[in-house]
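Q: Need a 3D model of the sequence below.
(chains A, B and C)
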Amino acid sequence: MTSTLVLPWVALVLVVFVAGSIWRAWRYARAPMHLRWDLYPVAHEPAPRRDHGGSYLEEREWWTRPRERSLLGEAVFMAEEILFLKGVRANNRRLWWGSFPFHWGLYLLVLTTVGIFLGVAGWRLPLDSGLLSLGALTGGGLVLAGSVILLVLRSTDPKLRPYTAPVDRLNLLFLALFGALCVGVAVRYGLGHVVTVLSGVLRGHEVRVGRLLAAQMAVGGLFLMYMPFTRMVHFFAKYFTYHDVRWDDTPMEPGSPLADRLAAALNYGVDWSAGHVRTGKTWAEVATTLPDEEKGGKA
Amino acid sequence: MGLADLLKRRRGGERPTSRRAPERVRGEEELVRIAMEDPELEHRLLAVDRLGSQDALERVALDGSHLDARLKAVRRITDQRVLARIMRERKQPDLMMACFEGIRDPAVLEEVARDTRQSLTARRIAIDMFADRDALLDILRSVNAPVLRRAAVERIGDQDLRAQLEAELAAHRPDENLDRILETYDADVLVEFLGAFRDSPSAVRALGRLAGRGGEAGEHAAVILTRLLKHARAEIRRIALEGLADTEAFPADVVEEMAGSDPDPEVRRLAQAALEKADA
Amino acid sequence: MENAPRPASREELNRFLTEHEGVDPRRLVPLPFPYEDWEDAPIPELSEDKRSRIEVGPDGVAAAQIKVPADDEERDRRVAAFLEGLAKLFTKENNWTFLQPLMLSMENCVKCQTCAEACPIYTGSGRMEAYRPTFRAEVLRKIVNRYLKPGGRILPGLRGNDVELSWDVLVSLAELSYRCTLCRRCAQTCPVGVDNALITREIRKLFSQELGIAMPELHETGTIKQLTVGSSTGLNPAGLADIMEFAEEDIQEKTGLDITMPFDVEGAEYLVMHNAGEFLSWPENLQAFAIILELAGVSWTLSSELVGYDSVNYGLFYDDVQYSRIALKHYEVARKLGVRKMMVGECGHAHKALMPIADRLIPEQLRVRTESCLVVLEDIVVNEKILLDPSRNDFPVTLHDPCNITRSMGIVEPQRKILRKIAPRFREMEPHGVHNYCCGGGSGFAICQSMNFPDWRTRVSGRLKFRQILEAFSDCIEPETPKYVCAPCSNCKGQMRDLLNYYEAWDRCGILYGGLVELIVNAMVDVREGFVEWEMH
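A: Have a look, this model is predicted:
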């Protein structure tokens, strides 16, 4: 690859990845207030209630007591999930053997990428120690190994195979290839070289980009660009599934901003067609009156 | 074991209990705390022994975590109205009996008997413990609990008066509303509900009336009444039998068995009469 | 016997969607002593006459009682209507109530199948593919991706969007949405936070709100009846007040206590909301509440108003419109009476409907504070506000945790504190608390007594719960030792009754069921002994 393509490519990848991710997150964030659908145990409940999955509703006249929330509880839960994939380990050990190295490989590659950008920006990093190279080597190797294990499982395990589409296999192959390329780049060039190439490109220098590095950047870039449009966004969708749904136990107290959101929702028009619904009215109207008496309220 | 558990241990476990023996403790608050919460039995009892004020003893009796210390505290309380108050605030059987051990004043017993915030058992015991006729009659007229009225009647010394009062208590409430209810509501729905109240003589009588009307609801009522022929109470068996007497679903085989072996003579007599009527 | 057959591929998976594969009773999860040799009869198939009028699911069971369309034109019309409704499900105007949770669950499932082993219906059935939590969710996902997303029909095979919509597929999807009790155990184990129970509920909602298809016991004889007559039981408020005289006399004869059921007392501390099914099936539960509250000196009342005396809200299970209507009426009644609080009686779904769900629906001017009866009872029992003798409950007791109260609301300890105080031989089932197994009667299943659905419910959805009960009592399983399954929820009790009857558990093992308040009253010194009657009811 000529170095003239590197910068536009990186820019394109970043724009699409960031914009795509923001768009997906924004869709979730701007969704209207929903009815509560909490699920216990909730991690921010304080001990000892958290130990048995209890909630503030266990307290007599809970509304007269100050609400206690344990941010530490949430942090510990998230850390265990992110670092150890605790839920998968406990409930789906076979899959965990593939998923755990795969995810850790991605974490290491993310850290390595951050290191690269810091290096490009001129920060003094222990490049000489080969830490970044180690990150790329290990991360890439784990992604490769994890992808292969997951690919084998999804192709052979009778529980997983019927729920694995060809595109899912292609996805894993793609990731395995990316992992292999990261290993290749780390071994062939070392990450110091990558930082040098990128720094040179930024400064408008003509630098030679080796074929292996070019392939790694192309594959990695493609992956980052299509990722926001797939279910791989579960890495941030999890924030919403936990904080906005299953841990969303905030009661609507007097003066709460939730009241305004409720008022707005009750004014939405209802379009459902079944006879018992009263199509064309607002939610407030539908909820407070039954259909025509001649219909007897029947569907 | 997860991270949360590791962090929990680092923050510290349970609060350490005081290891100071009660005999060395001087302050009353500390003695109260030991009496209420110390895990060692000996410490708790010793702490109660050393408490001086009735207020402190009352606190231990009310809020102690261990029954032994609470009972000991009660036995050291001399104010009978405090004992009555403890029984009212904390309804615990052993505590209640311990309180009664210390109540002898008839005026306090009468207060307990009349106090609707006391448990019914405490009130009944209080009634049992005093024999003032006028007070008993007054209680009979004023309390709204059959068990207490019965307890009061049993303490009446005058045999004639007692017999009269017992007869009044035994009379069941008339079925004023039965006709109106049977006319107003859907029989099928009524049967479903009435069948649930197997101990209510009025409900069983109502089922009998419904069974007599026939139809699907009547058949259903008859099925329920047939099951009630095996009820533990003779009164219910009698009413069920009366309800089935003139119906098409009359269960002759079951009634025959009742005529021969029911433990209640009146039930046997009714069963026999019903059989004869059915034969005729 | 090995587990049920598995699909080998995606193509074969679709076969499980529409081809009739009945439940094989030999594959149901085995039961422990004394049921090792228990043989389940197959679930009876519907008669030809019924099959000519009513559609069945891919397992041959009918829950929604969907009428067979007259002709192909009607089939096509309904399929088109389904797609219209499916689109509405993803609009904020029509589905603000659950849009965000639905989007998250539909878009982020990584199909790891971690949820499957958590599902009591899937595992209890011997792992029937159609009951796998992701199965019906995945069918819906494929339909959405193929028919609603731009470019969905391009390379559908490659992308896995290979379900072609037809009337048969629709019927299967509707029926399969009634093979999940919405217990949410699957959601608990999902590492991403996807909730297949929610997706199931949304499928039910789509069918109800767009096509008017729903389990009749939930809709026609459930919410509709409740909104028009006053109760799902069919008794109007005036009738209820009259019936209460019999209930009061019944209490007096049974317990020696003169208890009046207070109605419409303005300004009372609590409006107590019972599942009206208790009136019919378990009046001792209502009586027990009355006894406890009266003797504890609590200020309380019932309501005789339309909808006010029946806490059920089956809309929670299948229809947001019906749910909203009933929830609003409940709160209106409480507000009008001027009570300080509502107390939800022993009914799991009423807890959820009246408390967390209603919290985001009821406007400020209608709000009344609401508490669980379990919390109030804990205060009464633990703080010695009634006189109790635990030795009266000297028999083995285990606790069934209603899903809506524990997993969906986090009310776990109060009922345990009560039992530890009043039941000296209390033991837990495993798992319990927020990880409990559903009784198998959740989401309205317990009230469905028509077609062959009850046969499915007792054999399949209740299987793991029955196994749990046997395991909890394994040290005293002989019939000579009467045992009590405490189930503080009306629908759960309905399922317990049917389960214990089906397995003849009273005769074989001496296992009875009942609520929590009955156990409390059984231990009350002020009450004549023997409130719990040891016979199957």
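
Q: only C-alpha atoms for contact and neighbour calcs from this point on.
A: Fine.

Q: which residues are in contact with stretch A:90-97?
A: Contact with stretch A:90-97 is made by A:85, A:88-89, A:146, A:149-150, A:153, C:112, C:114-115, C:117, C:189, as judged by C-alpha atoms under 8 Å, 6 or more residues apart in numbering or on different chains.

Q: Up against chain C, what does the stretch 151-280 of chain B have?
A: Within reach of chain C by C-alpha under 8 Å from any C-alpha of the partner chain, the stretch 151-280 of chain B has these residues: B:181, B:185, B:189, B:192-194, B:196-203.

Q: Show me those residues that map onto helices.
A: Judged by DSSP state H, these include B:181, B:189, B:192-194, B:201-203 as members of helices.

Q: and which of those is nearest to residue C:299?
A: residue B:193 (26.3 Å; C-alpha to C-alpha).

Q: check which helix or strand covers the closest residue to that closest one other than its chain neighbours.
A: The shortest distance from residue B:193 to any non-neighbouring residue, by C-alpha to C-alpha, 6 or more residues apart in numbering or on different chains, is to residue C:280 (5.2 Å). Assigned by DSSP states H and E, residue C:280 falls within helix C:277-281.

Q: Could I get the contacting residues of the spatially most central residue of chain A?
A: Most central in chain A under C-alpha atoms, centre = their mean is residue A:235, positioned 1.6 Å from the mean C-alpha point. Not one residue lies near residue A:235 by C-alpha under 8 Å, 6+ apart.

Q: Please identify which helix or strand holds it.
A: With DSSP H and E as the criterion, residue A:235 is inside helix A:234-239.

Q: C-alpha coordinates for that helix, CSV please?
A: C-alpha atoms of helix A:234-239 as CSV (Å, rounded to 0.1, in the frame of the first residue of the first chain):
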residue,chain,number,x,y,z
HIS,A,234,-23.1,-5.7,22.6
PHE,A,235,-19.9,-4.4,24.1
PHE,A,236,-21.7,-1.0,24.7
ALA,A,237,-25.3,-2.2,24.4
LYS,A,238,-24.6,-4.0,27.6
TYR,A,239,-24.5,-0.7,29.3
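
Q: following that helix, which helix or strand shows up next?
A: Defined by DSSP H and E, the subsequent element after helix A:234-239 is helix A:257-266.

Q: Okay, buried residues for stretch B:201-213 please.
A: Of all the residues in stretch B:201-213, those buried under the rule 16 or more other C-alpha atoms under 10 Å in any protein chain shown are B:201-212.

Q: Same check on stretch C:83-95?
A: Neighbour counts over stretch C:83-95 (16+ other C-alpha under 10 Å) mark C:83-90, C:92-95 as buried.

Q: rewinding a little: want to throw the buried residues of stretch B:201-213 into TSV with pLDDT?
A: Formatted as TSV, those follow (pLDDT from 0 to 100):
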residue	pLDDT
B:201	90
B:202	89
B:203	90
B:204	92
B:205	91
B:206	89
B:207	91
B:208	91
B:209	89
B:210	89
B:211	90
B:212	88
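
Q: can you list these in CSV and add distance to residue C:314?
A: Supplementary listing: those in CSV, determined by distance: C-alpha to C-alpha, whole Å:
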residue, distance to residue C:314
B:201, 35
B:202, 34
B:203, 30
B:204, 33
B:205, 35
B:206, 32
B:207, 31
B:208, 35
B:209, 35
B:210, 32
B:211, 34
B:212, 37
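
Q: nearest to residue C:324, of those?
A: Once C-alpha to C-alpha is applied, the member of the buried residues of stretch B:201-213 that ends up nearest residue C:324 is residue B:203, at 36.7 Å.

Q: My guess is that closest one contacts residue C:246. True?
A: Yes. Counting by C-alpha atoms under 8 Å, residue B:203 does reach residue C:246; the two are 5.7 Å apart.

Q: who in chain C is up against chain B?
A: Counting by C-alpha under 8 Å from any C-alpha, chain C sits next to chain B at C:234-235, C:239, C:242-243, C:246-247, C:249-251, C:253-254, C:256-258, C:279-283, C:295, C:297, C:383-389, C:525-526.

Q: just checking, next helix/strand downstream of the helix or strand of chain B with the lowest mean pLDDT?
A: Least confident helix or strand, chain B: helix B:3-11 with a mean of 46, by mean pLDDT, DSSP states H and E. Where DSSP H and E defines the elements, the next helix or strand beyond helix B:3-11 is helix B:28-37.

Q: so does that following helix get close to chain C?
A: No. Shown here: helix B:28-37 not in contact with chain C (C-alpha under 8 Å from any C-alpha), separated by at least 14.9 Å.

Q: Give me the helices and strands touching that helix, please.
A: helix B:41-50, helix B:54-63, helix B:67-76 (3 or more C-alpha pairs under 8 Å, 6 or more residues apart in numbering or on different chains; DSSP states H and E).

Q: Deepest in the core, which of the ones you listed is it.
A: With neighbours defined as mean count of other C-alpha atoms under 10 Å in any protein chain shown, those peak in mean count at helix B:67-76, which reaches a mean of 22.
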